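> Need a 3D model of the sequence below.
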Amino acid sequence: MHSRSRWFAVAVTLLLGTWTGTAQVTSFLRVTDAMLRDPPPADWLHWRRTYDGSGYSPLDQINRQTVAQLQLAWSWAMEPGSQEPTPLVYDGVMYLTNPGNVIQALNAATGDLLWEYRREFESRELGPLRSIGLYDDKVFVNTADAHLIALDARTGKVVWDTAVADPEKGFSYRAGPLVVRGKVISGLQGCDRFYTEKCAITAHDAETGNELWKTPTVASPGQPGGDTWGDVPLTYRAGSDMWITGSYDPDLDLIYWSTAQAKPWTRAARGTNGDALYSNTTLALDPDTGKIVWYYQFLPGETHDMDEVFENVLVDVSGRESLFKMGKLGILWQIDRKSGAFINAFDLGYQDIVDVDAKTGEVTYRPGMIPELNEEIEFCPSLAGFKSWRAMAYSPETRAFYIPILLTCQRGTFIDVEQVEGGGGAGQGERENLHFGDSGEQLGEFLAMDSGTGRVLWRHRQRAAFNSAALTTGGGLVFVGDLNRYLNAYDVKDGELLWQTRLTNSVQGFPITYAVNDRQYVAVPVGVGAASWANSIPLSLTPEIKRPSSGNALMVFALPER
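Numbers count the residues shown, from 1 in each chain. Below is the predicted model of the structure:
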C-alpha cells in the first residue's frame, strides 16, 4: 500500500473505529427517562445501578441461605490492558467496556457475543474506561481521546462522534457519562498540563451530539472563585479533573459531580496558599444549564494529593436529604444535598494530615504536615489513599456503607514544576510505601459504617488488598473482591463470610448483579492494572502475593438452574 493510501486508511479508522456485527439485539425497547429514574430490578442501567450512586440491587434470589450454592454460569475473555469496568445490563443484554475502548454487547444469560465496536488509537498507553451510558436506543462512550460517541444499541454502529477536547493537550476520559433527560453529561480529566483550556463538565444532546453547556472546574481570574488561586495566571491553574461519574436527584433536579486535587499537588509548587476552587469539591449543577447551584469544597488548598473526587451517594438520614462521600483521607462526609450545608464528618481516625471541626467541617492542617519542596515528609495515607476509586455501596437493610480500604502510608518528597505553557505535572518526588501503623502489616480492610452515626459496625483485615468496588443486594449480601483472586460474599448485618471462591486473576472493577428470565446473576471483572493501589503498593508491601500478568475476563455466577 502506498504511504498516502495507508495514511488515509489509518485516518478513517481513527475517526470511525471498527464495528463488527456478529448478530443484532432484537426486539429492542428504548430506554426511557422513567426507566433511568427507577430501573427495573433485573437491570443495571447506570454506573452504580441507580442515579443515587448506591451500588445496591433489590434482587434477592441469591441471599444468605442460597449464596453457598453459587457456581460459574459463563465467562468471557476481555481485551488486554489496564481495566476497571462496570458492565451495564438492559433487557437481557450486557454492554461491556474493554481496555482500549472496545465495547461489546453480550447475551447476558449465555455470554454469546452480539456485536462489537473497536475504537482504534495510535500506539500509546490507554487508561481504563470505567463505565458507559444507556439512553433511548444508544450506548454512549467517553473515549480515551476525549471524544463522546453514540453507538446504536442494536448493532454497535456509530450514530455520531463528537470531539469534546484536544487529546494532544492531555485531555481524556476514564469515567462514563450520566444521562439526564436527554442530556449526556461527562467530566474531563487529564488536566495537569498548563494551557488556557481547563477541565470541564459538559452536556451534549443525546440525539445529535451537539454541546448544550460547558462548566469549567477551575475558577478563572475575575470569575466567582477566581481569587482563590491568588495571582496565579489562568494558564498555570490546573487540575480539578474528574474520573468518577456523578449522581442525580430527580426530585431536586440537581446533578452532583466531584473534582480531584489541584495541580501541581503541593501549594508550594502551585505558588499559592489559596483554596484553589473548584478542586476537591462537589458541585451541584442545574442539568438544563450547567449553572452551579451550590458547591462544597472538602479540602481547601489541598497539598498532598488527597482526592475527594469519588462517588456521591444520595441517602436520606433521619428525614434529611443527604449526600455522602469518602475520599482518600478515610473521612465519611455528610452534606445536605439540597443546600450544600455541612452536616457531619466521620473520621475513621487513620489519617494524620488534617483536623476537621465536628460542628463546621472546617479543615486545618496539623503542625508540620504542609509539605515543603524537596523535604522528606511522612504521612498517612499514601498517595493511593485509604479509600480510592473502589466504590463503597449502601444497604437500606442496615442503613450502612460498605467500604474497601487500603491500609498504607508513605514517606517521600514533593518537587517543583516549571511553569511553562504546555508543561505541568503533579510534582511528585521520591516515594516509599509503608504499612499503616497498627495494621499488623495487613494491607486490606473491608468495613461497614453506619450512615447515621459513623460507627464502624464490623471490619475485616487481611494481607491482600481489597481490589474491587462493593456490591450490596436485597438478599442481605455484600460482595467484594481482592488482589489475591478471591471473591467474597459477606452478611451485611454482621460481616460473616458466607461464600468465597478463587478466580483466575485479581478481582477488580465494579461487580454487578442482574436477572434474565427470573434467574439472578453476579458479574465480576477480573484482570490487571488499576493503578498504584494494585501495582506498586502490593508489590512492595505484600510481595509474596502473586497474580498473573495478563488475563482480563468477566466471570458470571448464578445458582444452579432449576
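> Which pLDDT value belongs to the closest residue to Leu72 other than its chain neighbours?
Nearest in space to Leu72, with sequence neighbours left out and distances taken as Cβ to Cβ, 6 or more residues apart in numbering, is Phe557 at 5.9 Å. For the C-beta atoms, the positions are set from N, CA and C on the backbone; glycine is no exception. Turning to Phe557, the model gives it a pLDDT of 98.
> give me the element Phe557 is part of.
Under the assignment given by DSSP states H and E, the secondary-structure element containing Phe557 is strand 553-558.
> Tell me which other helices or strands that strand touches.
For strand 553-558, the elements it packs on are strand 71-77, strand 519-527, judged by 3 or more Cβ pairs under 8 Å, 6 or more residues apart in numbering; DSSP states H and E.
> that older thread, go ahead and confirm the residue nearest to Leu72 touches Ala73.
Yes: counting by Cβ atoms under 8 Å, Ala73 is a contact partner of Phe557 at 6.0 Å.
> Please enumerate the shared neighbours of these two.
A shared contact of Phe557 and Ala73, defined by Cβ atoms under 8 Å, 6 or more residues apart in numbering, is any residue touching both; here these are Tyr521.
> neighbour-wise, which of the two wins?
Neighbour comparison, Phe557 and Ala73: the larger count goes to Phe557, with 26 against 19 (by other Cβ atoms under 10 Å).
> quick one: the more buried one from Tyr521, how far?
If you measure Phe557 against Tyr521 using Cβ to Cβ, to the nearest Å, the figure is 7 Å.
> what do these two both touch?
By the contact definition Cβ under 8 Å, 6+ apart, Phe557 and Tyr521 are jointly contacted by Ala73.
> Count the residues that sit near the closest residue to Phe298 other than its chain neighbours.
Nearest residue to Phe298 in three dimensions, chain neighbours excluded: Glu308, at 4.2 Å (Cβ to Cβ, 6+ apart). A total of 26 residues lie near Glu308 under the criterion other Cβ under 10 Å.
> Over to Arg181?
The local packing of Arg181 (other Cβ under 10 Å) involves 14 other residues.
> so where is the stretch 401-550 of the chain shaky, pLDDT-wise?
Regions of the stretch 401-550 of the chain meeting the criterion pLDDT under 70 cover residues 531-534.
> What segments of it are strands?
For the stretch 401-550 of the chain, applying DSSP state E, counting those that start in this stretch gives strands covering 408-414, 428-435, 444-450, 456-462, 471-473, 477-481, 486-491, 497-502, 506-507, 512-516, 519-527.
> Same list (the ones you listed) but as JSON lines, adding mean neighbour count and distance to Trp257.
As requested, these are arranged in JSON lines below (neighbours: other Cβ atoms under 10 Å; distance: least, Cβ to Cβ, whole Å):
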{"stretch": "strand 408-414", "mean neighbour count": "20", "distance to Trp257": "27"}
{"stretch": "strand 428-435", "mean neighbour count": "15", "distance to Trp257": "26"}
{"stretch": "strand 444-450", "mean neighbour count": "22", "distance to Trp257": "23"}
{"stretch": "strand 456-462", "mean neighbour count": "17", "distance to Trp257": "29"}
{"stretch": "strand 471-473", "mean neighbour count": "27", "distance to Trp257": "23"}
{"stretch": "strand 477-481", "mean neighbour count": "28", "distance to Trp257": "25"}
{"stretch": "strand 486-491", "mean neighbour count": "22", "distance to Trp257": "31"}
{"stretch": "strand 497-502", "mean neighbour count": "15", "distance to Trp257": "36"}
{"stretch": "strand 506-507", "mean neighbour count": "29", "distance to Trp257": "28"}
{"stretch": "strand 512-516", "mean neighbour count": "25", "distance to Trp257": "22"}
{"stretch": "strand 519-527", "mean neighbour count": "26", "distance to Trp257": "24"}
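> and the residue nearest to Phe298, what does it touch?
For Glu308, counting by Cβ under 8 Å, 6+ apart, the contacting residues are 258, 260, 280-282, 298-299, 325, 327-328, 333.
> I'd assumed it was in a helix, is it?
No: according to DSSP: H, G, I helix; E, B strand; the rest coil, Glu308 belongs to no helix; its state is coil.
> Offset the numbering so it begins at 39, please.
Okay, using 39 as the starting number, the last item reads as Glu346.
> can you pull out the strands in the stretch 139-288 of the chain?
Taking DSSP E, counting those that start in this stretch to define them, one finds strands in the stretch 139-288 of the chain at 140-145, 151-156, 171-173, 176-180, 185-190, 196-201, 216-218, 221-225, 238-243, 249-254, 276-277, 285-287.
> how about those in a markdown table, adding mean neighbour count and distance to Thr402?
Shown next, in a markdown table, are the strands of the stretch 139-288 of the chain (neighbours: other Cβ under 10 Å; distance: least, Cβ to Cβ, whole Å):
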| stretch | mean neighbour count | distance to Thr402 |
| --- | --- | --- |
| strand 140-145 | 22 | 46 |
| strand 151-156 | 20 | 49 |
| strand 171-173 | 26 | 40 |
| strand 176-180 | 25 | 37 |
| strand 185-190 | 23 | 40 |
| strand 196-201 | 16 | 43 |
| strand 216-218 | 26 | 34 |
| strand 221-225 | 25 | 29 |
| strand 238-243 | 22 | 29 |
| strand 249-254 | 17 | 28 |
| strand 276-277 | 26 | 22 |
| strand 285-287 | 24 | 29 |
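> Go through those and name the closest to Met132.
Ranking these by distance to Met132, with Cβ to Cβ as the measure, places strand 140-145 first at 4.5 Å.
> Bridged to the residue nearest to Thr539 when sequence neighbours are not counted, which residues?
Setting aside the residues directly before and after it, Thr539 is nearest to Leu525 in space (Cβ to Cβ, 6+ apart), at 5.4 Å. Applying DSSP bridges to Leu525 gives these bridge partners: Gly519, Thr539.
> likewise the one 10 residues further on?
Partner residues in beta bridges with Leu535: Tyr528, with DSSP bridges as the criterion.
> got the contact list for it?
If a contact means Cβ under 8 Å, 6+ apart, then Leu535 has 498, 526-528 as its contacts.
> out of those, who's nearest Asn350?
For Asn350, the nearest member of those is Tyr528. The distance, counting by Cβ to Cβ, is 24.2 Å.
> which residues touch that closest one?
484, 498, 515-518, 534-536.
> now the spatially most central residue of the chain: how far from Trp427?
In the chain, the C-alpha closest to the average C-alpha coordinate belongs to Ile282, at a distance of 3.7 Å (Cα atoms, centre = their mean). If you measure Ile282 against Trp427 using Cβ to Cβ, the figure is 7 Å.
> where do the contact lists of these two overlap?
When contacts are counted by Cβ under 8 Å, 6+ apart, Ile282 and Trp427 are jointly contacted by 168, 348.
> The strands of the stretch 439-588 of the chain into TSV, with extra columns for distance to Leu189?
Formatted as TSV, the entries for these read as follows, by distance: least, Cβ to Cβ, whole Å:
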stretch	distance to Leu189
strand 446-452	39
strand 466-473	37
strand 482-488	36
strand 494-500	40
strand 509-511	26
strand 515-519	29
strand 524-529	30
strand 535-540	33
strand 544-545	28
strand 550-554	20
strand 557-565	20
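> Of these, which is nearest Lys176?
Of these, the one closest to Lys176 (Cβ to Cβ) turns out to be strand 550-554, at 19.8 Å.
> Just the CA trace of that closest one, in CSV.
Included here for strand 550-554 are C-alpha records, laid out as CSV according to Å, rounded to 0.1, in the frame of the first residue of the first chain:
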residue,chain,number,x,y,z
ILE,A,550,-22.9,-6.0,39.4
THR,A,551,-26.0,-8.2,39.7
TYR,A,552,-28.9,-8.6,37.3
ALA,A,553,-31.5,-11.1,36.2
VAL,A,554,-32.6,-12.7,33.0
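> Just want the phi and psi numbers for Arg305.
According to degrees, to the nearest 10, the main-chain angles of Arg305 amount to phi -60, psi -40.
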